[in-house]
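Participant: No letters, just coordinates:
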């Protein structure tokens, strides 16, 4: 399965996002009105209010921001496989996006290069592209899908791979990690806690570590799909 892929040409990634403001009360009036309209659409019960739903604002690129992009790539060093991980993170979203874009433009700009994530076609890839456009950053070639047909986009998604054509199925990275015997990436926090850790605990480093674990889990999962051995801990390098 997927054994024809050249893993060295793939950049694995994961992002962490939060609402643009710490709480609903911090949202400027103009944006409150816009969020209130969104809340009507996403609310599922009579108890849902714009304020109670605001912790979900980080799901939407129009109302949130990226605080971390972690990437990883495979490389052979003296005949031994290494997985190198690097993170772009901080409170200044524009700066981290510029730095991430420079990485893609310099090192992942050839036709054979690909991006890979879990549920990334639905979330990570479009999120990054939208936020870059908002900040006036030119899209790197790998993220610029304008005018391309679906089969012309080379992005890889480990969740989509697991579907085997089943469009109803949504399988979490954590569940697949357990299924394939991969160490869980959720041994400290999970996605629902990122908002609190960022705004209340102000512990961005903890979020970065969590994001890096997800990136490692994605490449491990793809290796399992291919029937290959997992990457050993001593072969993982954090840059």
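Facilitator: That came through, no problem. Only a predicted model underlies this, so the values are computations on that prediction, with no experimental measurement involved. Numbers count the residues shown, from 1 in each chain.
Participant: need the helices for the chain, in chain order.
Facilitator: 29-42, 93-107, 124-134, 158-163, 173-179, 194-199, 204-225 (DSSP state H).
Participant: Now the fifth one: buried residues?
Facilitator: Pointing back at helix 173-179 there. 173-174, 176-177 (16 or more other Cβ atoms under 10 Å). All C-beta spots, glycine's among them, are computed from the backbone N, C-alpha and C.
Participant: tell me what that helix is packed against?
Facilitator: Secondary-structure packing of helix 173-179 (3 or more Cβ pairs under 8 Å, 6 or more residues apart in numbering; DSSP states H and E): helix 158-163, helix 204-225.
Participant: Which pair of the buried residues of helix 173-179 spans the longest distance?
Facilitator: 174 and 176 (7.5 Å; Cβ to Cβ).
Participant: how much space is there between the residue of the chain most remote from its centre and residue 52?
Facilitator: In the chain, residue 46 marks the outermost C-alpha relative to the chain mean, sitting 31.7 Å out by Cα atoms, centre = their mean. Distance of residue 46 to residue 52, given as Cβ to Cβ, to the nearest Å: 11 Å.
Participant: cool, and residue 27?
Facilitator: 14 Å.
Participant: Likewise for residue 71?
Facilitator: With distances taken as Cβ to Cβ, residue 71 is found 34 Å from residue 52.
Participant: What of residue 237?
Facilitator: Relative to residue 52, residue 237 is positioned 43 Å away (Cβ to Cβ).
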